[in-house]
Every structure is written in structure tokens, then in C-alpha cells.
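Peer 1: my questions are about this predicted structure, shown below with the sequence.
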Amino acid sequence: MTTIIYVPCDTTALSLGADQVAENIHHYADQHSADIRIVRNGSRGLFWLEPLVEVATAEGRVAYGPVEPEQVAELVAAGLFDGKPGHPLYLGSIEEHPYLKRQQRLTFSRIGITDPLCLDDYIAHGGFVGLKKAAALTSQGIVDEVKNSGLRGRGGAAFPAGIKWQTVLDEPQDQQKYIVCNADEGDSGTFADRLVMECDPYMLIEGMVIAGLAVGATQGYIYLRSEYLLSQQMLNAAIRRAEVAGYLGENVCGNGRAFHLEVRLGAGAYICGEETALLESLEGKRGLVRAKPPLPAIKGLFGQPTVMNNVLSLSAVPFIMARGGQAYADYGMGRSLGTLAIQLAGNIKQGGLIEVAFGVTLLEILQDFGGGTFTGRPIKAVQVGGPLMAYMPEEQWHTPMDYEAFAQLGAGIGHGGVVVFDDSVDMGEQARFAMEFCAFESCGKCTPCRIGSVRGVEVIDRIRAGENRDNNLELLEELCETMVDGSLCAMGGMTPYPVQSVMKYFPEDLLASPRPLEV
Amino acid sequence: MHMSESVDQQMVTIAASEGWTPDMVRQEISALKHKPGALLPILHAIQDRIGYIPEAAVPIIAEELQQTRADIHGVISFYHHFRNQPAGSHIVQVCRAEACQAQGGRALERHIQEALGVGYHHTTADYEFTLEPVYCLGNCACGPSISIDNAVYGRMSPEKFDQLTDRLTTSIIQLK
């Protein structure tokens, strides 16, 4: 009987040699005349174990990892093709792994299990159930279900998705409407969108088709950052197959309504993750931020009503439609309902994707899942929510992951990225980088962001050089306030948050001279 | 509006000296210009084909899309991804963002700049490598990360980088 061996094909697995691992497995299988077939599955998001090789056995899938290409020979000798234990890399049943067992995977229920482009795999694991249910409902019925779920925008702004959809639905029907997926995942420390697109692309497609049915839109665009070329290939291949199978096109699921989908590539501008800049870019212009109102829901792409949602928001929708809004709302706490895709990154021993109900504390994430730092040194600071969010000191790590609880601290959950730094970090340098990044990525439309960020770098340099320190600290505080209050969008408006958090919680680093790099 | 023949001829001469033809650019434009908001897809297509977006291609794009040269230039210069000069044989992108910084990214950056002997946005004298900064490759749990010719490499170290670039610049010479 043919044994199926799984070798992941997502960016992280590939970045650690997964292709060479697969090639070596082929080579030794030929040499041993072993009857095997290699499936390139997605990654389960247990990244410190990548490349994670799985073998299908009578008792389920057993795993080995992290497998370096040179280790394949010894693994084969230790009985890899029969899924035998014994080798130090043997992990046993992957489904029973505590990192996975402790999660509530609603959105990421299929990643790592299926072949990303295999439609039959997708359907066998619950795919398109939500779409079929949605196709039998009225538009209002779909929007109501999303409202019941309590889903809030996972891109960072946490705006209720159902309300956004209602606004677009309520616009007159005799006009072109659009669904735009924001796949410009530019925040450092985030990779959940990438995992969806590389490992379960049909889920995003299904979510977008449902959104189209809900608001009466016939055209969708996925605005994808140009750094994600593998996502582009996966999405384009998945879209072609979904069209052939009748899930996209003139007659979606045979119910007479049309929905077309196209991937558009960004071009390396972080600001295009801001929704109005993204729209400008999709229209073929410089990615300059638009003033709001009008809201994109009313005047969005090409001036038409537009639903703009993040990859994760749209990817939550198939589950919500399949199982009902209430089933999703049963997870979470307060006004943060459902699950959050936490992306544990930076200096961490066990980094990866952690989908859990809102309410888990940051400390549980760092210790129980993360197992401490990669370097083994103490954690000094944690940046949650991307480069525009605060650095959190130890006294704040007991905070539950909840939009409101984080907002009270002047912090934020954003897109769910958690970047860990050990005690060798120079927080003054991190504050400076926040301003430097803003200067590099500002669209230039408003003065507080364009000029403020450049001045921010200069003032921090003066403080660190010991030049007129008290006055310059006061100036930095005022500059931060001006940027927060006076910027047109979150780029300039939130860049001060990491800076202010360093001033408040790590002042000794900011006042010290920059540390020399340890090479 | 048609450009005078001499200007047209001039452009053909420039293009030929740079190893591309105006027809290449026109083909990419005509394949895409029916799309709404076609400019970014067109610029990507030109860069993918020629390797960069030549200055002399700007008037062609402007004419075909009925936009001004300033419009086209403005869009090209806004986006970090587009380049108006040819790149080296290999494009090395080094992640400068926080998750990689937390894993020693700054020291790696410095090593790479010293090893290649060029700063960001520059190409080595032998035209082997063009060095570019990148703000996140989405490989943040296994940093520091770099990419070479679009392939991402995780857990990068100065030693691994030197091995990688050695492999890329070593060509096999067959002796007869």
C-alpha cells in the first residue's frame, strides 16, 4: 500500500529547506523501493518544528521535526516510511501535540492538514458548506448572520464587520459594488494572512463570494503585497480551479448570481495597507491616503460602494455561515467575540500561529505556547499588534487578549502579531526605528506624519547623544502629541505609540547612548 | 497624439542600447490596459519582462494610457518595488523590521553590507548583487530572514549568508 508523506510548502517551511527535504525523501524512497507518495501540504503553523514531515499511519498522522535535509537518511534508516518512533525528531501524533491541542482552530481548522490547491480536500474538510448555506439565504439573511457572530475587523481596526456589510447592502442595488480583500500584510510579526493564502486559499475565496452575495457585489479584488509571491501563485491557481468548478464566475453555485475575483499586486508600500491608500493604489495611482468621510462602504473603489475587509475577517465568514453566527460568538469575551489568530514571532523558542478564543493572557502565549525566548535570555519587551503599537513591559503581560483591555493600557491587538525581544534589546533604538520606519513609509500627504517622523528621528538622536536632554524630551513628547492628533491616518497617528511606550516604560534605554552591535 | 519620428527614432536607439525595445513595452501595455486601474499591473509586467522600468518607457506608457508623463513618473517613484535602473544578476533583500531585529537582524544587515561592499539600493561593481531593504517577508517566527531572487531564507546568519552567496557566484568551468 502506498504510504503518504507530507512535506509542507509554505514560505517558512521552504525558507528552512522543505524542498530539499522532499527531494531527499524521494531519493531514499527510490533507493529503498519504498512505495510512498509525497503530498505538499500547508504548514500547521508550528514554525519552530518546520520542516515538519508527517507520515500517514493506521493510527493517524505522526510527525518528525524540525527535519534538516541532511537528516533524511538517518530518519529513513530509523523507519520514517513506516512512521516508526525511535529517532529524536519523532513527535508522535501531531494532532495530540499540546501546541495544537490548546488551540481553538475555527478559521485555521484545515491548514497543514490539506493540500492547499486540492478542491476535493477542501470539500472533504468542510469547505463550501458556508457558501451553500449563504446561497440559499437572502442578502439580509447573510448580513444578519455575520452581525450575530460579533465578528470585528481583524486587520487591526476591529470595526464590526456586519455593520460594514449592512452599509454596503443598504446602498442602492442598481450600481457596481466591490469586495476588496486587504492582503497587504505589512506588519512585522504577522503571517496569518500569508498562511491562509498559501495553505487554505479556497477559504478566502469562499469568504469573498459570500460577501459578494451578501451585499450584491459582482467583482472582488485581493490586494496582495508584492513580497508574497507564493501567495500570489497559490491564489491565482486556486481562483482558476474555483472558476472551473463553478464557485466563481457568471453563475456562482448555479444560483444565477455572478462573482469574479482577481488578485492585484501592490508594490512594496506599507501605507497601502491603510484602506483608502489601498483603494488609490488599486485604481492605479500613488498610494495617498484619502480623507474620510466619505467611507469606502459608500464611496470606495472607483467611487462605488465597497466592502473592504482583511484576509482573516473574510476567512472567518465560511465558518460563521456553516455553523451559525452564535457558534462563533460562543468563543471570546466581552465585545471581543470569536477567535484571534495570534502570531508569535521574534525572539521566541516556539513561534507560530496560535488561534485561540479572545481572553487568553499574553503571559500564557509567551510561556505556555512560546516557551520563553529563542536565545534563552529573559524577555524584556513585547510588541503586540505591529510596528505602530506600544512595547509592553512585564507588568502588562497578565493582560487578557481583548480589544478593550489592551486599549485601556494605550496598547492594541492590531492584526494579532506578537514580537518578543530579550534583554539584549536597546529600546532606544526601537523607538528611533519607529520614527525611521514612518519617515520611510509615509505617503507624504499630511505634514505631521511626513515631517514629524523625520524630526522624531533627529530629536531621538539628540536625546541619546545627551544634547539638551530635558528640552529635547519635552519636544519629543509634544511632537508625539502633534502626530497623534494631527495626522490623517494611523501611520502618523500611531507611530508615536511605540515611542511613547519606550519613554514611559524603558526611559533608561532612551537616555543611554546607542549600544554597539554585537556581531 | 503621435510623437515626431525623430523622437520615436531616438527612443528606439536608447532602448536598443539598453537591451529592450519599445514594442516589448507596448505588448505588455496592450495586454493589460483594458483592466480598471491598469497602471500597477502594467508596471509589474514591464519590470518582470525587462528587469526594471526604463525612463524611456515612461512616455510610451503615458501615451498609451492617455495620462501625463508626470502621472506615470509619480506612480513609479512612489512605490519601493519599482526600479528605474537595471539590477544585478541576483537581488538580495534583507528584512529590517522588528521581528528580525529581535533575532539579531541589525548585525546581519551590517554583515551583508560589508560582505557585498555596497549599501542599500546599490549594485555590486561586478553586477552580481543588488541589495535592497525589505520591511517584512512574513517569516517572522524564524528570523532573521532574507530573500534572494524571491526565495526566502529563514534563521539566517552571517556564515550561512556567505555560503549562499559563494554558491551563487561560483560557476562550474568545464575543462576540455
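Peer 2: That came in fine, so what should we check first? Numbering: from 1, shown residues only, chains lettered A, B, ... in the order given.
Peer 1: and the gap between the residue in chain B that chain A sits nearest to and A:L46?
Peer 2: Across chain B, the shortest distance to chain A (Cβ to the nearest Cβ) belongs to B:A141, at 2.9 Å. No exception for glycine: its C-beta is placed from N, CA and C like everyone else's. The gap separating B:A141 from A:L46 is 9 Å, by Cβ to Cβ, to the nearest Å.
Peer 1: is the residue of chain B closest to chain A in a helix, a strand, or coil?
Peer 2: Secondary structure for B:A141, judged by DSSP: H, G, I helix; E, B strand; the rest coil, is coil.
Peer 1: and the closest residue to it other than its chain neighbours, what does it touch?
Peer 2: Among residues not flanking B:A141 along the chain, A:G351 sits closest, at 2.9 Å (Cβ to Cβ, 6 or more residues apart in numbering or on different chains). A:G351 makes contact with A:47-48, A:344-345, A:370, A:374, B:140-142, according to Cβ atoms under 8 Å, 6 or more residues apart in numbering or on different chains.
Peer 1: now B:G143
Peer 2: By Cβ under 8 Å, 6+ apart, B:G143 lies in contact with A:345-346, B:95, B:99-100, B:102-103, B:105, B:154-156.
Peer 1: quick one: buried ones out of those?
Peer 2: Among the contacts of B:G143, those scoring as buried are A:345-346, B:95, B:99-100, B:102-103, B:105, B:154-156 (criterion: 16 or more other Cβ atoms under 10 Å in any protein chain shown).
Peer 1: pull up the gap between the residue of chain B closest to chain A and A:T11, please.
Peer 2: As defined by Cβ to Cβ, B:A141 lies at a distance of 11 Å from A:T11.
Peer 1: overlap of the contact sets of these two?
Peer 2: Overlap of the contact sets of B:A141 and A:T11 (by Cβ under 8 Å, 6+ apart) consists of A:F191.
Peer 1: residue ranges for the strands of chain B, please.
Peer 2: Ranges of strands within chain B are B:90-95, B:122-123, B:129-134, B:146-148, B:151-153, based on DSSP state E.
Peer 1: okay, these in JSON lines with distance to B:W20 next?
Peer 2: Output for these, formatted as JSON lines (distance: least, Cβ to Cβ, whole Å):
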{"stretch": "strand B:90-95", "distance to B:W20": "18"}
{"stretch": "strand B:122-123", "distance to B:W20": "18"}
{"stretch": "strand B:129-134", "distance to B:W20": "18"}
{"stretch": "strand B:146-148", "distance to B:W20": "24"}
{"stretch": "strand B:151-153", "distance to B:W20": "26"}
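Peer 1: dump these to TSV, plus mean pLDDT.
Peer 2: Below are the strands of chain B laid out as TSV (pLDDT from 0 to 100):
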stretch	mean pLDDT
strand B:90-95	98
strand B:122-123	97
strand B:129-134	97
strand B:146-148	98
strand B:151-153	98
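Peer 1: turn these into a markdown table, columns for distance to chain A.
Peer 2: Shown next, in a markdown table, are the strands of chain B (distance: least, Cβ to the nearest Cβ, whole Å):
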| stretch | distance to chain A |
| --- | --- |
| strand B:90-95 | 8 |
| strand B:122-123 | 17 |
| strand B:129-134 | 6 |
| strand B:146-148 | 8 |
| strand B:151-153 | 4 |
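Peer 1: any idea which of those strands gets closest to A:E275?
Peer 2: Closest of the strands of chain B to A:E275 is strand B:129-134, at 22.7 Å (criterion: Cβ to Cβ).
Peer 1: which residues are in contact with the closest one?
Peer 2: Strand B:129-134 has contacts (Cβ under 8 Å, 6+ apart) with A:227, A:268, B:87-96, B:112-113, B:116, B:118-124, B:147, B:165.
Peer 1: quick one, which of those are buried?
Peer 2: Neighbour-count burial (16+ other Cβ under 10 Å) is assigned, among the contacts of strand B:129-134, to A:227, A:268, B:87-88, B:90-96, B:112, B:116, B:118, B:122-124, B:147, B:165.
Peer 1: state which helix of chain B is the longest.
Peer 2: Criterion DSSP state H: the longest helix present in chain B is helix B:5-18.
Peer 1: now the closest residue to B:Q113 other than its chain neighbours: how far from B:L131?
Peer 2: Computed as Cβ to Cβ, 6+ apart, the closest residue to B:Q113 that is not its neighbour in sequence is B:G119, at 5.9 Å. Using Cβ to Cβ, one obtains 7 Å as the distance from B:G119 to B:L131.
Peer 1: what do those two both touch?
Peer 2: Shared contacts of B:G119 and B:L131, defined by Cβ under 8 Å, 6+ apart, are found at B:Q113.
Peer 1: and the helix or strand A:G130 falls within, what does it pack onto?
Peer 2: Using DSSP states H and E, A:G130 falls within helix A:129-135. Packed against helix A:129-135 by the contact rule (3 or more Cβ pairs under 8 Å, 6 or more residues apart in numbering or on different chains; DSSP states H and E) you find helix A:201-215, helix A:311-323.
Peer 1: and the residue nearest the centre of chain A?
Peer 2: Nearest residue to the geometric centre of chain A (Cα atoms, centre = their mean): A:A192, 2.8 Å.
Peer 1: that residue contacts A:L312, correct?
Peer 2: Yes. Contact criterion Cβ atoms under 8 Å: A:A192 and A:L312 qualify, at 5.8 Å.
Peer 1: any shared contact partners between these two?
Peer 2: Taking Cβ under 8 Å, 6+ apart as the criterion, A:A192 and A:L312 both touch A:341, A:415-416.
Peer 1: run through the residues that contact the residue positioned nearest the centre of chain B.
Peer 2: The centroid of chain B falls nearest to B:R83 when counting by Cα atoms, centre = their mean (5.3 Å). Contacts for B:R83 (Cβ under 8 Å, 6+ apart) come out as B:47, B:52-53.
Peer 1: in the stretch 51-200 of chain A, which spans are helices?
Peer 2: Per DSSP state H, counting those that start in this stretch, the stretch 51-200 of chain A carries helices over the ranges A:72-77, A:98-101, A:119-124, A:129-135, A:139-149, A:161-170, A:192-199.
Peer 1: buried residues in the fifth one?
Peer 2: Within helix A:139-149, the residues that qualify as buried by neighbour count (16+ other Cβ under 10 Å) are A:139, A:142-149.
Peer 1: and the lowest-mean-pLDDT helix or strand in chain B, C-alpha only, in CSV?
Peer 2: Least confident helix or strand of chain B, by mean pLDDT, DSSP states H and E, is helix B:5-18 with a mean of 78. The C-alpha coordinates for helix B:5-18 follow below in CSV (Å, rounded to 0.1, in the frame of the first residue of the first chain):
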residue,chain,number,x,y,z
GLU,B,5,9.5,60.4,-36.0
SER,B,6,12.9,61.7,-34.8
VAL,B,7,11.9,61.4,-31.1
ASP,B,8,10.5,58.0,-31.8
GLN,B,9,13.7,57.0,-33.5
GLN,B,10,15.7,58.4,-30.6
MET,B,11,13.7,56.3,-28.2
VAL,B,12,14.3,53.2,-30.3
THR,B,13,18.1,53.9,-30.2
ILE,B,14,18.1,54.4,-26.4
ALA,B,15,16.1,51.3,-25.9
ALA,B,16,18.3,49.2,-28.2
SER,B,17,21.4,50.4,-26.3
GLU,B,18,19.7,49.3,-23.0
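Peer 1: out of the helices and strands packed on helix A:129-135, nearest to chain B?
Peer 2: Closest of these to chain B is helix A:311-323, at 11.8 Å (criterion: Cβ to the nearest Cβ).
Peer 1: pLDDT on the helix or strand just after the closest one, on average?
Peer 2: Per DSSP H and E, helix A:311-323 leads on to helix A:325-329 as the next helix or strand towards the C-terminus. Taken as a whole, helix A:325-329 has a mean pLDDT of 98.
Peer 1: can you tell me what sits against whichever helix or strand comes after helix A:325-329?
Peer 2: Using DSSP H and E, the next helix or strand after helix A:325-329 towards the C-terminus is strand A:332-333. Strand A:332-333 has contacts (Cβ under 8 Å, 6+ apart) with A:150, A:338-339, A:357-359, A:400, A:402.
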